[in-house]
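Trainee: Give me a 3D structure for the following:
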Amino acid sequence: MEWRKLWAVIQREYIERVRTRWFVLATIFGPIVFGTLMYLPAYLATRNVSSPDVARIRILDATGTDLGHRIAVALNGGLFGDTSRTRVEAIDTAQIVRAESLATRAVIAGAIRGFLILEPGVFLGKTVHYAGANATSLSDMQRIENTVRREVLAQQMRSLGISAADAERLKRASVDLRAERITAQGRAGSGQISVLIAISVALLLYVTIFIYGQNVLRGVIEEKQTRVAEVVVSSVRPTTLLAGKVLGVGAVGLTQMLIWGAASVLMAKYRVMLLQQFGAPAVPIQFPAISWEQGFLLLLFFVLGYTFYAALFAAIGATVSTEQEAQQAQMPVVLLLVISIMFLQPVLNNPEGLLALNLGWLPFSSPIVMPLRMSAVNLPPWQIGLSLFSLAAGCYIAVYIAARVYRTGLLMYGKRPTLREVARWIREAK
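Mentor: Numbering: from 1, shown residues only. The predicted structure follows:
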């Protein structure tokens, strides 16, 4: 009989939230965000070119060499380009301040886009200074910086006796590193993609646990404020109501995650074809192989992590009567969840290090850290098993405490209880 009541509570919580506009909008908005991240950067990369008048600048060359002239030639497309747009002034260091002032006036008047200062220390690694109206254009600044770097390198090679032809060839040499991950199942595709997916999994779990844990808290407060809890508790045990609420809201989160995951896979599958329609070059996204065992483990970490935090949020909701009180009371629980994201970068830098290992065994951080580590590197089964055991034990303790607090606090109104009173509820609840 109690199972039927539990199932009725789960159905109520699930259907009530799935029918809301918030759920529909969030479910639609998620794939839109994922699609934007997949398509927009590749499309914008085809438009991310320097402006046509990036070479309409003045070069103040105080190096005593022909470096300024070579930079002007490179900015204008090479030896056969039109260098009339770039004016090179050979000056000495004593004239730099006056030359800067005149060039600044020229920029303000619109005669030039900016000016580049080359001091003698540029060959010793001194910073090159540029000022202009287009200083906020990342593409323009990148082109000027790359041009200066290549020409300084070529000048240094020529000073060491390397021929002009060899110096020209060497300065244009570049190396692209493509990292490929190898797992126990063999070669598993791009290492960069594995890292991005690991970050995406961690952030998705964090957001979902946080949002739906908050939903449990708000649901408890609403029931207390509207006095619905008094009616429901008369026919359903508080522990059954707590379990139904946690499972029903969790099922909503799982539904949304499955929809988002399926939409992401479909968009990645047709990404190349759609980008080619817009004339944007695209490289297929090769997802790392995920076995059924890995998928089940990721799902298990989500379910246990959500249960852990949802139980704590429900207990907090039972001890407060208003949203304002809840904002203050929930901070310790929120901080526990935020800690996992705070250590995301250090864990990614060394997924097998001591910090990552310890965070993977703590119940409050393992739901985020362990899926992150599992997506990034191959972990021995004993580490995963120990982490799951620790998380399951944490869930048991959290649910045990939450059930006792929930049983007493659900019907308490008015003054917010102290920690001593909450501890008494936990001891005396039956």
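
Trainee: Do I have it right that residue 18 meets residue 253?
Mentor: No - with contact defined as Cβ atoms under 8 Å, residue 18 does not reach residue 253; the gap is 10.9 Å. Where you see a C-beta, it was placed from the backbone N, CA and C, and this is true even at glycine.

Trainee: Looking only at neighbour counts, state which of those two leads.
Mentor: Looking at residue 18 and residue 253 with other Cβ atoms under 10 Å, you find the greater number of neighbours at residue 253, namely 22 against 15.

Trainee: which element is that one on?
Mentor: helix 238-269 (DSSP states H and E).

Trainee: for that helix, the distance to its chain's centre please.
Mentor: 21 Å (Cα atoms, centre = their mean, to the nearest Å).

Trainee: Buried ones in it, by neighbour count?
Mentor: 238-254, 256-257, 260-261, 263-264, 267-268 (16 or more other Cβ atoms under 10 Å).

Trainee: Give me the number of neighbouring residues for the spatially closest residue to residue 243 that is not a sequence neighbour.
Mentor: Once flanking residues are discounted, residue 243 sits nearest to residue 6: 6.0 Å by Cβ to Cβ, 6 or more residues apart in numbering. Neighbour count of residue 6, defined by other Cβ under 10 Å: 19.

Trainee: Next one: residue 6 from residue 239, what distance?
Mentor: 10 Å (Cβ to Cβ, to the nearest Å).

Trainee: Same check on residue 397?
Mentor: Going from residue 397 to residue 239 by Cβ to Cβ gives 15 Å.

Trainee: Kindly report the same for residue 320.
Mentor: 20 Å.

Trainee: next one: residue 70
Mentor: Applying Cβ to Cβ to residue 70 and residue 239 gives a distance of 79 Å.

Trainee: now the strands for this structure?
Mentor: Listed in chain order, the strands of the chain (DSSP state E) span 57-61, 87-90, 114-118, 129-132, 180-183, 186-190.

Trainee: among these, which gets the worst mean confidence?
Mentor: Note on those: strand 186-190 shows the lowest mean pLDDT, a mean of 48.

Trainee: Other residues contacting stretch 72-88?
Mentor: The contact list for stretch 72-88, computed with Cβ atoms under 8 Å, 6 or more residues apart in numbering, reads 53-59, 61, 68-69, 112, 143-144, 147, 150-151.

Trainee: are any of those buried, and which?
Mentor: 54-59, 61, 68-69, 112, 143-144, 147, 150-151.

Trainee: and the two most separated of those?
Mentor: 112 and 150 (22.4 Å; Cβ to Cβ).

Trainee: Tell me, how many residues neighbour the closest residue to residue 256 other than its chain neighbours?
Mentor: The spatially closest residue to residue 256, leaving aside those adjacent along the chain, is residue 27, at 5.5 Å (Cβ to Cβ, 6+ apart). Residue 27 has 16 neighbouring residues, counting by other Cβ under 10 Å.

Trainee: and the gap between residue 316 and residue 342?
Mentor: In terms of Cβ to Cβ, residue 316 sits 21 Å off from residue 342.

Trainee: what do you get for residue 74?
Mentor: 44 Å.

Trainee: Can you report how many residues lie near the closest residue to residue 152 other than its chain neighbours?
Mentor: Once flanking residues are discounted, residue 152 sits nearest to residue 122: 6.0 Å by Cβ to Cβ, 6+ apart. Residues within reach of residue 122, counting by other Cβ under 10 Å, total 21.
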